[in-house]
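[1] predicted model, plus sequence, below.
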Amino acid sequence: MALLTFKGGVHPPDHKELSAGSPIKELEPPEQAVIPLSQHIGAPCSPAVEIGQEVRKGQLIGEPGGFVSAAVHASVSGKVVAMKDILNPMGRMVRSVVVQNDKKEEWAPLQDNPDYMKLSPDELKEKIKNAGIVGMGGATFPTHVKLSPPKEKPIDVVIINGAECEPYLTADHRLMVESPGEVLEGLKILMKILGVNKGYVGIENNKPDAIEKMREAASSEPHIEIVALEVKYPQGAEKMLIKAITDREVPAGGLPMDVGVVVQNVGTAFAVYEACRYGKPLIERVVTVTGHGIANPSNFRARIGTPIRELIDAAGGFTQDAVKVVLGGPMMGFAVSDLEIPVTKGTSGVLVLSKSEYAPAEKFGPCIRCGRCIDACPMGLMPSMLSILSEKGFYEDTKEYNIFDCFECGTCTYVCPAKRPIVQLIRLAKMLVKR
Amino acid sequence: MAVAKKEQELIVSVSPHIRSEESTSRIMWTVTLSLLPAFAMAVYYFGPRAVYVTALCIVGSLFSEWLVQRMAGKEITIKDGSAFLTGVLLGLNMPSSVPFYIPLVASFVAVAITKQLFGGLGYNIFNPALIGRAFALITWPRAMTTWFTPTAAFMGMDATTTATPLGIMKEEGVQKLLEVFGDKMTLYTKLLIGYRAGSLGETSVIALLIGAAFLLYKRYISWHIPVSFLATVGVLTWIFGGKEGLFTGDPIVHLLSGGLMLGAWFMATDYVTCPSVKKGQIIFGIGCGFLTALIRLKAGYPEGVMFAILLMNCFTPLIDRNLKSRVFGARKEAGK
């Protein structure tokens, strides 16, 4: 079958080979877990514990601050020793709970549900909400909110996003290879909650082993289809994924539910299964530690709140020419200089770039109007014009070029031969222009 | 071996953290390289004068770029290949016999005035090499239209002046052209390999197509402008180009003659001065083709490629503004 895809996009070298063959290893829990009370899009949590209090693994420590919010749980057992503001990768200060690990690994009471499929959709949704699950591909939108579409938006398709189109990252890849059954059960739960009988798992074709494992696992599921996608960035962007698989186009400014689709990441599906089956809250996730600046690229299952320094050390540490640490993938991730930043629910990878991979971008030239960014833009925008208008300070005029349809995937900036900071100029204009 | 890293040593910048290998100067030098076959044929047909004229254009272009940037206190960018490429294109658009000052003045007009004074790379409205050539043609009409027969100069043959195939066709008709070249097949073959009078780099269609194929393969240019340009010229000259009524023209002669191949593949496709959206490029190509055919068939000049492209350059901003790319998920505008 022909590989499905969308129009536009780019083919950066994916370097998945660095860590794709490395099975997920349990990472030693940290001495101190630093757990931010806001790891999601939406209202931050308010602390549910006090300094000096003993907590168990999985115990609620952050009460959701509203409907669009996600509960936060202790990832180790021990004592709350501090509440402090830490810098998150986006450069904002976030209130965080510091738990001193007593190494006892004592769980808070969890509710086992061997017959989880017999629960009602609302009960399942409640479990997901209580587990604090968010979109684990990096967007960190609270999952229970996505599963509560308004009545006038009927949903008929659920897609599990296994594209993992960001170069280097292999966390979702490994999860599909090692736990295909769990991911599939997660999808079935999501389908049940939404009352949908068509489910897809979309996987880029550079993960043939994942496609095979998922197909095997889904062989007796008539309503679930595993589809191979062309390897192309940003294939895993929701709108591109929906277009590739269902040929539906999410209207400009709209959401996937406008075309009857809900998309969830592989890691999210796995967490949904664990929450519904074992009552387990989201306190750990798979993180790829990779790049040519890392001695032994690996995939870890790490507790939320583990400082990234510990992940880097566990992967053999930096190589001689490591120059940049990125949380997430190279296209949309955030560079950080503080290695005490903890792993959060949205941390899919710790990427360490070496001098040879790193593209210095301080110097850039004028736009030569070559049109590469226009051909590559998955949203069909004219990034060249947007960048020129923003550069010259004509922020209002960028609206005429549909600036708010840009989701900042960075494709334009990747292809630009003049090395222009296109997506940065677009972000600037977005902030300054009145909607 | 693990290495301790001080946090201060880590670079922090915004995404994306990787960039493609492509660069402006690599594009410029690659396009220059793609003109090598045409240049080689120019040297073969017109001898050392081809090297001399092209070199003058390159030197003039580089000097002009340096001079204006120096005066304006800007960064000197003569190494990026852009001015060099303009020089090469201008050189290939000159007759072999021009006196030394024409290439120098034309390249100054091209690079200093048309490009740098309009804001430098990326901001010029018109194709610099073509403005340089247009200026020279209008200022020195005789020198710019004195053509020598290709002589394969190394073989010691004497050069004589002659008219270009399009010139002959314009003045004396296609019958005369056939008399000069012998029969139809000989005519086509000679046009294809470039054994005819004309500007240095425009004559050898084969050499130009080799360069164009290379650029297409590298995806430095797309088919949209050249194909719509050539197709329009072909259709219009076929319909209106004949003396015996409609549909009696010879489109093949028109396609293989003049500066059409050089213009369509290498000049009309100049990134800066052509539309950047594909559907706009097709409109642009059709416009170039229409104006070329109009000038060739109905105007005073035998050749119209240069003026056609320059005129369409004026429309580029308008085309780009009105034919934007289709936004993903754009709603069909109801009732319009």
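    Good, I have the coordinates.
[2] would you mark the buried spots in the helix or strand containing A:Arg427?
    Taking DSSP states H and E as the criterion, A:Arg427 maps to helix A:422-432. Buried residues in helix A:422-432, counted by 16 or more other Cβ atoms under 10 Å in any protein chain shown: A:Ile422, A:Val423, A:Gln424, A:Leu425, A:Ile426, A:Arg427, A:Leu428, A:Ala429, A:Lys430. (Each C-beta comes from the backbone N, C-alpha and C, glycine too.)
[3] any chance of TSV for these, columns pLDDT and distance to A:Leu4?
    Listed next are those as TSV, based on pLDDT from 0 to 100; distance: Cβ to Cβ, whole Å:
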residue	pLDDT	distance to A:Leu4
A:Ile422	96	27
A:Val423	96	26
A:Gln424	94	31
A:Leu425	96	32
A:Ile426	96	28
A:Arg427	95	30
A:Leu428	95	35
A:Ala429	96	33
A:Lys430	95	30
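[4] so which of those is the closest to B:Ser257?
    For the buried residues of helix A:422-432, the residue nearest B:Ser257 by Cβ to Cβ is A:Ile422; the value is 42.0 Å.
[5] how close does the nearest residue to A:Glu284 once chain neighbours are set aside get to A:Ala33?
    Nearest non-adjacent residue to A:Glu284, counting by Cβ to Cβ, 6 or more residues apart in numbering or on different chains: A:Arg303, 5.0 Å away. In this structure, A:Arg303 and A:Ala33 are 6 Å apart, going by Cβ to Cβ, to the nearest Å.
[6] again, but for B:Gly249
    Using Cβ to Cβ, we find B:Gly249 at a distance of 82 Å from A:Ala33.
[7] again with A:Thr143
    Taking Cβ to Cβ, one finds A:Thr143 at 22 Å from A:Ala33.
[8] please apply the same query to A:Ile304.
    With distances taken as Cβ to Cβ, A:Ile304 is found 7 Å from A:Ala33.
[9] can you list residues touching both of those two?
    Common contacts of A:Ile304 and A:Ala33, defined by Cβ atoms under 8 Å, 6 or more residues apart in numbering or on different chains, comprise A:Ser75, A:Pro342.
[10] looking at the two, which one has more neighbours?
    The neighbour count for A:Ile304 versus A:Ala33, taken as other Cβ atoms under 10 Å in any protein chain shown, is higher for A:Ala33 (28 against 25).
[11] mind putting the buried residues of helix A:422-432 in a markdown table, distance to chain B included?
    A markdown table is the format used below for those (distance: Cβ to the nearest Cβ, whole Å):
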| residue | distance to chain B |
| --- | --- |
| A:Ile422 | 10 |
| A:Val423 | 7 |
| A:Gln424 | 6 |
| A:Leu425 | 11 |
| A:Ile426 | 11 |
| A:Arg427 | 8 |
| A:Leu428 | 11 |
| A:Ala429 | 14 |
| A:Lys430 | 13 |
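[12] what's the burial count for the residue of the stretch 51-200 of chain B found nearest chain A?
    Of all residues in the stretch 51-200 of chain B, the one sitting closest to chain A is B:Gly122 (3.8 Å; Cβ to the nearest Cβ). Here the number of neighbours of B:Gly122 (other Cβ under 10 Å) works out to 20.
[13] A:Ile308 now?
    A:Ile308 - counted by other Cβ under 10 Å - has 23 other residues nearby.
[14] which stretches of the stretch 51-200 of chain B form strands?
    B:147-148, B:161-162 (DSSP state E, counting those that start in this stretch).
[15] among these, which is the most enclosed?
    Highest mean neighbour count of the strands of the stretch 51-200 of chain B: strand B:147-148, a mean of 20 (counted as mean count of other Cβ atoms under 10 Å in any protein chain shown).
[16] low-confidence ranges, the stretch 201-336 of chain B, go.
    B:332-336 (pLDDT under 70).
[17] switch the cut-off to 90
    For the stretch 201-336 of chain B, the stretches flagged by pLDDT under 90 are B:242-245, B:300, B:324-325, B:330-336.
[18] need the helices for it, in chain order.
    Here the stretch 201-336 of chain B has its helices, by DSSP state H, counting those that start in this stretch, at B:205-217, B:224-240, B:251-256, B:260-262, B:278-298, B:305-322.
[19] the third one: how far from the chain's middle?
    Which is helix B:251-256. Counting by Cα atoms, centre = their mean, to the nearest Å, helix B:251-256 is centred 17 Å from the centre of its parent chain.
[20] repeat that for the fifth one.
    Centroid separation between helix B:278-298 and its chain, computed with Cα atoms, centre = their mean, is 14 Å.
[21] same check, this time on the shortest one
    The chain centroid and the centroid of helix B:260-262 are separated by 7 Å under Cα atoms, centre = their mean.
[22] one more: the last one?
    The chain centroid and the centroid of helix B:305-322 are separated by 14 Å, computed with Cα atoms, centre = their mean.
[23] need the residues that contact that helix.
    For helix B:305-322, the surrounding residues in contact (Cβ under 8 Å, 6+ apart) are A:385, B:93, B:125-127, B:130-131, B:133-134, B:137, B:258-260, B:262-264, B:267-268, B:273-277, B:280, B:283-284, B:287-292, B:295, B:301.
[24] run the last query once more with 6 Å
    By Cβ atoms under 6 Å, 6 or more residues apart in numbering or on different chains, the surrounding residues in contact with helix B:305-322 are B:126, B:130, B:133-134, B:258-260, B:263, B:267-268, B:273, B:275, B:280, B:283-284, B:287-288, B:291-292, B:295.
[25] any idea how far apart the tips of stretch A:52-61 sit?
    Across stretch A:52-61, the terminal residues are separated by 13 Å (Cα to Cα, to the nearest Å).
[26] show the pLDDT at the residue of the stretch 251-400 of chain A found nearest chain B.
    Nearest to chain B in the stretch 251-400 of chain A, going by Cβ to the nearest Cβ, is A:Gly317, at a distance of 2.8 Å. Reading off the confidence values, A:Gly317 has pLDDT 95.
[27] count of neighbours near it?
    Counted with other Cβ under 10 Å, the neighbours of A:Gly317 add up to 19.
[28] now do the phi/psi pair for it.
    Note on A:Gly317: its backbone torsions stand at phi 80, psi -180 [degrees, to the nearest 10].
[29] ok, it touching A:Ala295?
    Yes - the pair A:Gly317 / A:Ala295 is scored as a contact, 5.5 Å apart, by Cβ atoms under 6 Å.
[30] same list, the strands of the stretch 51-200 of chain B, but as CSV with distance to B:Val68 and mean pLDDT please.
    Converted to CSV, the strands of the stretch 51-200 of chain B look like this (distance: least, Cβ to Cβ, whole Å; pLDDT from 0 to 100):
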stretch, distance to B:Val68, mean pLDDT
strand B:147-148, 33, 88
strand B:161-162, 36, 84
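[31] residue contacts, residue 230?
    Since no chain was named, I'll use chain A. By Cβ under 6 Å, 6+ apart, A:Glu230 lies in contact with A:Leu3, A:Thr5.
[32] try chain B instead
    B:Ala264.
[33] same check on B:Gly241?
    So B:Gly241 contacts B:Gly249 (Cβ under 6 Å, 6+ apart).
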